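Chemist: following is a predicted model, sequence given first.
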Amino acid sequence: CIRDSINAEYGDISAKLLEKRMGEFVREVVATAPINIAVIKYWGKKDEQLIIPLNSSISVTLSQSQLKTTTKISLRKNSPSQSVDSLRLNDKEDVVTKRIKDCFQELRELYIKQKGEEAIHILRNTHLVVESWNNFPTASGMASSASGLSCLVFACAALFDIQGDVSHIARRGSGSACRSLYGGFVKWEAGIDDDGSDSRAIQLHDQLHWPALRILILIVDDRKKTTSSTSGMETSKKTSQLLDYRVKHVLPQRIPQMESAIATRNFSAFAEITMKDSNQFHAICRDTYPPIEYLNDTSREIISLVHRINSTRVHPIAAYTFDAGPNAFIFCLEQDQLELLHHIQNAFVLDEKELTDQSSRGLIEEAKRVTPSWGESGFGFGKKKTPGEIELKNILCCHVGSDPILLSKSEHHKL
Amino acid sequence: SINAEYGDISAKLLEKRMGEFVREVVATAPINIAVIKYWGKKDEQLIIPLNSSISVTLSQSQLKTTTKISLRKNSPSQSVDSLRLNDKEDVVTKRIKDCFQELRELYIKQKGEEAIHILRNTHLVVESWNNFPTASGMASSASGLSCLVFACAALFDIQGDVSHIARRGSGSACRSLYGGFVKWEAGIDDDGSDSRAIQLHDQLHWPALRILILIVDDRKKTTSSTSGMETSKKTSQLLDYRVKHVLPQRIPQMESAIATRNFSAFAEITMKDSNQFHAICRDTYPPIEYLNDTSREIISLVHRINSTRVHPIAAYTFDAGPNAFIFCLEQDQLELLHHIQNAFVLDEKELTDQSSRGLIEEAKRVTPSWGESGFGFGKKKDSRRNRTQEYSLLSCGFRSNSTEQERASQTLSRKIRHNSSKSLLFIHKSTQLRQLSSLQEVDR
């Protein structure tokens, strides 16, 4: 319904442009940005302040039709009562954290660097007002920092008319956010400079590179509060001896293998590396002291199901990966999507009331009627399911998505 | 029922159910819990491990295997070694055959002609019972195999350490041949002859140490250790690093912590090694998961409790299953039990061990020093979730409380040779057995 209200709102841009609710409006941008899912994980910083990672990471950007952040950012004229940057998230006042301040700072500096006097003049007399909305509920456990921060930086860069890559700035807000600045397949190069200026995201391939690739997100019911990524990876770096080995010996081979698998659209190789890297990330979490557990029993059963399904084929047809939470991201090719959905529904109890996305719902319904080629009964878990016990809150069927999108940009020539 | 049975030894000895009885031994053996884990073999056939491991032997009053092994005269219908487990016919696996083979060879080596003569005309009949249900997920291979080897060695009157033979049956079984704190030296010989268990300290070394076993309800079938560690060795790159770089420091640290009875250090290393073991399992492909949500919550609870103190007072470790082994000192046992009961739903009907039940009851009345409410999980416990969090709890006092057992072991210490006198192993009513068995031999 938030999506609908935004669509209704932006159907009439002129009305918005004249809005003077928060002080005199100078310039405004509305943009949307996607989430991304890492297939080679980022975990552990070389520099906590600048957010320079221990290793490079690779991610897949997801389609915005199911999951995105929408941000409206405007430059507003300073007044005695209003001169400080402000932020609203999901219609509630939110804290402008130090990280966001760092981002604003860097964006302003870049604006001045590129536009000189004009920029100085505008920035002296204005402040930023940001409003952001996620179309996925926070309770779903979907990490919104990547889409949120990347949207903020993208929109602000558009507001300032900044040219060139700004991923190093998004990185200052939240490491993985820099990867959401590009669609398709993205690599966040760790970089070697101490100031992090070469720690940026680059697009390996755009979203048209692998049209058959699909991502099913299984949102797992979990009431437990999870460890924040920031503190978690810091503790891992301090206490896990295995992390260092991963960075120095495992990833230097694995990263080129992944790039090659994506480049050649080799799903077999892609699947195996993806699953191994997800497992190793969660292994490092366990080797941390105190140990960090992001996966729960349902996550483990999803892992088990995928391996079972894959063992009936010559090559793997599904690959799981988990971030810092129990939700599963299952990669597959379009030709196997319905069968997978069929088996997933057989193995897990799905809360059908919660299915919010129409296209996903359609696929889920269609999958029920599919006759699986591998045999119906093979993938149950041999245990009775307690009636009423919900294991999956939602299933979202996504494909590879595009860059952030600039929805509108408007100017009021008052200043 | 076993106690009732062995109350009257003579009746048993004259039993001729399976062929003419020659000689018989009854023994019990404990389980052990590794604090530095064994995971991965250098040699699959000989069961030589990639690294040394260290374990704590648990008191037999709660958990043990009892084995009755007899030499019986060969007959046309009966001449093959046989095995019964928990009153059911069981397969004599290749590993058990290897153990019997090695024991026979050692018997011949030590007793020469006499041994050859006896072995030519007899076969072994083994009956074994575990006093803990298989469904509880407690690994019985360590106690089972060690009991078999120990009893058979006693049957053949073999002198010296036989842990390398128990190792051939099941790696961790060699550690159950000694009480107290045991190290299974990985060894360097290719034939595994130096891959043996040694006792670091006997069970009197750390009298205040306690082990609480939380048996977690888990219907899921778990991966066998044998196949699991083989897959880990093949697919986990982190395992090699553990063996080469982590353990060479960690093992001496653990030995030192045990030697100095330093619970702080012991706790931290124990928890870290358990975590690393399960991390390696997760880094395996396909990944192995032995812990479930309840296991994770136990881990979480222990860390929470420890964070309220200057030094850790509890340490968890998990083997290849979801059951938690919690170490603590006697002074903290009741408080820990109190907090555990607050955090988890316990199936009180299943509490089988009397002394544990007594402690659990007592713990309910304890006023904790750290505050009542701090260790819940802040979530509602649904009635439907109760079933998945049921567990039964055994409290293993490290020092046996049973006076009967102490008396028995004192009486027998003269009769039992070498290392077994320092362990928790003992032979039930061995004096009578020996007398009767020698009678039988005279008769023949």
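Modeler: Thanks, I have the structure now. Numbering: from 1, shown residues only, chains lettered A, B, ... in the order given.
Chemist: touching stretch A:98-113 from outside, list them.
Modeler: A:85, A:87, A:96, A:119-120, A:123, A:128, A:149, A:152-153, A:156-157, A:160-162, A:166, A:169-170, A:172-174 (C-beta atoms under 8 Å, 6 or more residues apart in numbering or on different chains). From N, CA and C alone the C-beta is placed, and that goes for glycine too.
Chemist: and that stretch, which residues are buried?
Modeler: A:99-100, A:102-104, A:106-108, A:110-112 (16 or more other C-beta atoms under 10 Å in any protein chain shown).
Chemist: all strands for the stretch 1-150 of chain A, in order.
Modeler: Here the stretch 1-150 of chain A has its strands, by DSSP state E, counting those that start in this stretch, at A:25-33, A:36-40, A:45-47, A:52-53, A:57-61, A:69-77, A:86-89, A:92-94, A:126-134.
Chemist: out of these, which gets nearest to A:V314?
Modeler: Judged by C-beta to C-beta, the one of the strands of the stretch 1-150 of chain A that comes nearest to A:V314 is strand A:36-40, at 22.1 Å.
Chemist: the closest one and chain B in contact?
Modeler: No. Counting by C-beta under 8 Å from any C-beta of the partner chain, no contacts exist between strand A:36-40 and chain B, the nearest distance being 14.6 Å.
Chemist: and stretch A:283-291, by the same measure?
Modeler: Yes. With C-beta under 8 Å from any C-beta as the measure, stretch A:283-291 is seen reaching chain B through A:283-291.
Chemist: of all pairs in the residues you listed, which one is the farthest apart?
Modeler: Checking the residues of stretch A:283-291 next to chain B with C-beta to C-beta, the most distant pair is A:A283 and A:P290, at 15.3 Å.
Chemist: ok, these two, which is more surrounded?
Modeler: More crowded of A:A283 and A:P290, by other C-beta atoms under 10 Å in any protein chain shown: A:A283, with 26 against 18.
Chemist: so that one sits in a strand?
Modeler: No. Under DSSP: H, G, I helix; E, B strand; the rest coil, A:A283 falls outside any strand and is assigned helix.
Chemist: low-confidence stretches in chain A?
Modeler: Across chain A, residues meeting the criterion (pLDDT under 70) sit at A:1-23, A:137-141, A:143, A:221-225, A:374-389, A:413-415.
Chemist: could you pull out the helices for it?
Modeler: A:2-10, A:13-17, A:98-125, A:145-159, A:167-173, A:229-239, A:241-245, A:251-263, A:267-286, A:297-310, A:334-347, A:358-368 (DSSP state H).
Chemist: helix A:98-125 and the fourth one, what's the angle between them?
Modeler: Using axes from the mean of the first three to the mean of the last three C-alpha atoms, to 10 degrees, the interaxial angle of helix A:145-159 with respect to helix A:98-125 works out to 10 degrees.
Chemist: for helix A:145-159, packing partners?
Modeler: Contacts defined by 3 or more C-beta pairs under 8 Å, 6 or more residues apart in numbering or on different chains; DSSP states H and E place helix A:145-159 against strand A:25-33, strand A:69-77, helix A:98-125, strand A:126-134, helix A:167-173, strand A:405-411.
Chemist: how far off centre is the fifth one?
Modeler: How far helix A:167-173 lies from its chain's middle: 14 Å, per C-alpha atoms, centre = their mean, to the nearest Å.
Chemist: relative to A:G325, which of the helices and strands packed on helix A:145-159 is closest?
Modeler: strand A:126-134 (15.0 Å).
Chemist: what about dumping the CA coordinates of that closest one to PDB?
Modeler: The C-alpha trace of strand A:126-134 is given here as PDB (Å, rounded to 0.1, in the frame of the first residue of the first chain):
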ATOM      1  CA  THR A 126      20.400  24.900   2.100                       C
ATOM      2  CA  HIS A 127      20.100  21.700   4.100                       C
ATOM      3  CA  LEU A 128      19.000  18.200   3.000                       C
ATOM      4  CA  VAL A 129      15.700  16.700   3.700                       C
ATOM      5  CA  VAL A 130      15.400  13.000   3.100                       C
ATOM      6  CA  GLU A 131      12.400  10.800   3.100                       C
ATOM      7  CA  SER A 132      12.800   7.100   2.500                       C
ATOM      8  CA  TRP A 133      10.400   4.100   2.200                       C
ATOM      9  CA  ASN A 134      11.100   0.400   2.000                       C
END
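Chemist: from the contact counts, what lies against it?
Modeler: Using 3+ C-beta pairs under 8 Å, 6+ apart as the contact test, the elements touching strand A:126-134 are strand A:69-77, strand A:86-89, helix A:145-159.
Chemist: could you redo the last one with a cut-off of 6 Å?
Modeler: strand A:69-77, strand A:86-89 (3 or more C-beta pairs under 6 Å, 6 or more residues apart in numbering or on different chains; DSSP states H and E).
Chemist: who's in contact with the longest one?
Modeler: By C-beta atoms under 6 Å, 6 or more residues apart in numbering or on different chains, the list of residues contacting strand A:69-77 from outside reads A:6, A:22-33, A:126, A:129-134, A:147-148, A:151-152, A:155-156, A:159.
Chemist: measure how buried the residue of the stretch 301-415 of chain A found nearest chain B is and give me the count.
Modeler: When scored by C-beta to the nearest C-beta, the stretch 301-415 of chain A has A:H307 as its residue closest to chain B, at 4.3 Å. By other C-beta under 10 Å, 16 other residues sit near A:H307.
Chemist: contact partners for it?
Modeler: By C-beta under 6 Å, 6+ apart, A:H307 lies in contact with B:P286.
Chemist: and it, how far is that from A:E391?
Modeler: Look at A:H307 and A:E391: by C-beta to C-beta, to the nearest Å, they are 18 Å apart.
Chemist: just put the residues of stretch A:283-291 next to chain B in CSV and tack on distance to A:Y42.
Modeler: Formatted as CSV, the residues of stretch A:283-291 next to chain B follow (distance: C-beta to C-beta, whole Å):
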residue, distance to A:Y42
A:A283, 16
A:I284, 12
A:C285, 13
A:R286, 18
A:D287, 17
A:T288, 15
A:Y289, 21
A:P290, 21
A:P291, 19
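Chemist: which of the residues you listed count as buried?
Modeler: By 16+ other C-beta under 10 Å, the residues of stretch A:283-291 next to chain B give A:283-291 as buried.
Chemist: which parts of chain A sit against chain B?
Modeler: Residues of chain A lying close to chain B (C-beta under 6 Å from any C-beta of the partner chain) are A:223, A:241-242, A:245, A:250, A:276, A:279-280, A:282-283, A:286-287, A:289-291, A:293, A:296-297, A:300, A:307, A:383, A:386.
Chemist: now the stretch 101-250 of chain A against chain B: closest residue?
Modeler: Counting by C-beta to the nearest C-beta, the stretch 101-250 of chain A gets nearest chain B through A:Y245, at 4.4 Å.
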